[in-house]
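Participant: A predicted structure for the sequence below; I have some questions about it.
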Amino acid sequence: MNLKLIVNIAGWSGALMLLLAYFLVSTRKLAGDSLAYQLLNLLGSALLLLNAYHFGAFPSVGVNSVWIIIAILTIIKSQTRNQREG
């Protein structure tokens, strides 16, 4: 497989993960602060970030970088809250 194909597969996989996460929250199958939702956002955004960077789509690189930071901060906050409660 060539690099362009791998990067395209990564980008489409990331897009599908973000859409799945949005669908699951919208249909109330997942909570917005759940670990599963945040991990789908984190991984999906990371794959889209890789794709966007490779193809020079820097506005998308910026948006996905922020999306990753939000997911990481939400995971940390949720884990910290669970440790205090548990």
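Facilitator: Done, it's in. Numbers count the residues shown, from 1 in each chain.

Participant: flag the shaky bits of this structure, pLDDT-wise.
Facilitator: Confidence mapping of the chain against pLDDT under 70 gives the ranges 86.

Participant: helices of that one, start to end?
Facilitator: In chain order, the chain shows helices spanning 3-26, 35-54, 58-85, with DSSP state H as the criterion.

Participant: tabulate those (JSON lines), appending mean neighbour count.
Facilitator: Yep, even glycine has a C-beta here, placed from its N, CA and C like the rest. Output for those, formatted as JSON lines (neighbours: other Cβ atoms under 10 Å):
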{"stretch": "helix 3-26", "mean neighbour count": "15"}
{"stretch": "helix 35-54", "mean neighbour count": "20"}
{"stretch": "helix 58-85", "mean neighbour count": "13"}
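
Participant: list the contacts of the nearest residue to residue 52 once chain neighbours are set aside.
Facilitator: Among residues not flanking residue 52 along the chain, residue 60 sits closest, at 3.7 Å (Cβ to Cβ, 6 or more residues apart in numbering). Counting by Cβ atoms under 8 Å, 6 or more residues apart in numbering, residue 60 touches 48, 49, 52.
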